[in-house]
Every structure is written in structure tokens, then in C-alpha cells.
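J.: Only the shape, not the letters, is given here:
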């Protein structure tokens, strides 16, 4: 009988220790959750503060004042445009009227030298069907 009593007392002590460990784990996790909630609240407050600062910096009246203060811009009126007859003369040609265009001939030479079957970019090359 004494052996059963000792066994029951040992089981009660083990159960009390196990319940205490569960309680301490749950308390630690609750504290961690509360810390995370506080951190989330701080981050949300920081985001709200940054959004309000952005709204203040992006206000049209403030930007207009900065533009007027720092940029020497004036409104455009219709008399600022010149007529086509006052345009400068066309620059001289680099080749004679009968000769082929030198840049066009360079492009044609490059195109002729390149492999017409080569594929560039991310398009896969088509397989030959035989």
C-alpha cells in the first residue's frame, strides 16, 4: 500500500511540475504576443506620421511656393513663338545628291553581314522540321 501512495504522490508532483511548466510557457508566449502588438502599434504610428509628413510635403500650395521662390519660370504667352521664315538655314549635306546615304549604306552592310537565321532576345530559336 505504501508503494502505491508513494507512486501517487510522485505522479502528483510530476503533474504539478508539468502544469507549472505549461503555465510559464503560456505566460512567456503571452508576453511575447503583447510585445509584438506594442511593436505593431509603434510601426503603425510611425507609418501614420510619415504619411502625414508626406501629405504636408506634397501639398500643392507648398510646392507652388517653392517653385515661385526657386525656379525663375514665367508663364508662356503666344507672342514668344517665332514664325517659320525666321528659322536658320538647313545645314549643308554631308554627301552629294547623286551619292548613296553613307549611314544607310553602313546599315545595309551590317544587315548583309549578319546571319539572317540568328534569333536574338528571349524568343527561342525555331527548330528545323525535317
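T.: Yep, that arrived. Please read these numbers as outputs of a predicted model, since none were measured by experiment.
J.: just for this structure, where's the confidence low?
T.: Low-confidence segments of the chain (pLDDT under 70): 115-130.
J.: in it, which spans are helices?
T.: 2-57, 60-70, 102-113 (DSSP state H).
J.: Now those in TSV, please, with extra columns for distance to residue 87.
T.: Any C-beta I mention is one placed from the backbone N, CA and C, and that applies to glycine too. Output for those, formatted as TSV (distance: least, Cβ to Cβ, whole Å):
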stretch	distance to residue 87
helix 2-57	43
helix 60-70	32
helix 102-113	24
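J.: Nearest to residue 84, out of those?
T.: Residue 84 lies closest to helix 102-113 among the helices of the chain, at 27.1 Å (Cβ to Cβ).
J.: out of the helices of the chain, nearest to residue 93?
T.: That would be, of those and by Cβ to Cβ, helix 102-113, which comes in at 10.7 Å.
J.: before we move on, back to that, adding mean neighbour count and distance to residue 84, write the helices of the chain out as a markdown table.
T.: As requested, the helices of the chain are exported to a markdown table (neighbours: other Cβ atoms under 10 Å; distance: least, Cβ to Cβ, whole Å):
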| stretch | mean neighbour count | distance to residue 84 |
| --- | --- | --- |
| helix 2-57 | 10 | 44 |
| helix 60-70 | 9 | 32 |
| helix 102-113 | 10 | 27 |
